[in-house]
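Undergrad: With the sequence up front, the predicted model follows.
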Amino acid sequence: MKYDQNFFEQVWEVVRQVPHGRVTTYGAIAKALGSAQSARMVGWAMNAAHVLADVPAHRVVNRQGLLTGKMHFTPPDAMQRRLEAEGIKVKNDKVVKFEQFFWDPQKELVIEL
DNA sequence: CCGTTGACGCCAT
DNA sequence: TATGGCGCCAACG
């Protein structure tokens, strides 16, 4: 990794590259950034990224595949609706077969800022 | 400058 | 398997 920018930008860069119809986790992103223990920071970055149109925050869920951040969307059900629009089934605020749609940034992400 | 907070995650009960 | 507590690190008041 070679970025020198704010932690937020690093997170956004990763989230931005999440393929359509796929999801990832806060922890995975944090780990990909080298701050595996700071998954919380990823969530914080997402909050800040909420204003950015090119950051699909709805594709980022927690380790259990739960849409913990849906309440931060407007409206709150926008997150689930977008995921379903991409072919991802959401049941009771959690991604169905989450592991199947999981996209590991550490494995496929290529950061070249 | 210091204390609290938070879209998380792991470990101990 | 389910619940609770602690750690981590940056932003906010």
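TA: Great, that's in hand. Residues are numbered from 1 along each chain as shown, chains lettered A, B, ... in the order given.

Undergrad: contacts, neighbours, all on C-alpha from now
TA: OK.

Undergrad: which residues are in contact with stretch A:53-72?
TA: Residues outside stretch A:53-72 that contact it (Cα atoms under 8 Å, 6 or more residues apart in numbering): A:12, A:15-16, A:18, A:22-27, A:46-47, A:49-50, A:76-80, A:82-83, A:93-96, A:98.

Undergrad: So which residues of chain A form helices?
TA: Per DSSP state H, chain A carries helices over the ranges A:7-16, A:26-33, A:39-49, A:78-85, A:98-101, A:105-108.

Undergrad: any idea which of the ones you listed is most buried?
TA: Stretch with highest mean neighbour count among these: helix A:26-33 (a mean of 22; mean count of other Cα atoms under 10 Å).

Undergrad: near DNA strand C, which residues of chain A?
TA: Near DNA strand C, the residues belonging to chain A are A:Asn6, A:Phe7, A:Ser35, A:Gln37, A:Ser38, A:Ala39, A:Arg40, A:Met41 when assessed by Cα under 7 Å from any atom of the strand.

Undergrad: what's the farthest-apart pair in the residues you listed?
TA: Largest separation among the residues of chain A next to DNA strand C by Cα to Cα: A:Asn6 and A:Gln37, giving 17.2 Å.

Undergrad: And the closest residue to A:Val90 other than its chain neighbours, how far from A:Asp104?
TA: Nearest non-adjacent residue to A:Val90, counting by Cα to Cα, 6 or more residues apart in numbering: A:Val96, 5.5 Å away. A:Val96 is 17 Å from A:Asp104, where distance means Cα to Cα, to the nearest Å.

Undergrad: Same question for A:Tyr26.
TA: Distance from A:Tyr26 to A:Asp104, by Cα to Cα: 11 Å.

Undergrad: cool, and A:Met79?
TA: Taking Cα to Cα, one finds A:Met79 at 20 Å from A:Asp104.

Undergrad: cool, and A:Thr24?
TA: Taking Cα to Cα, one finds A:Thr24 at 6 Å from A:Asp104.
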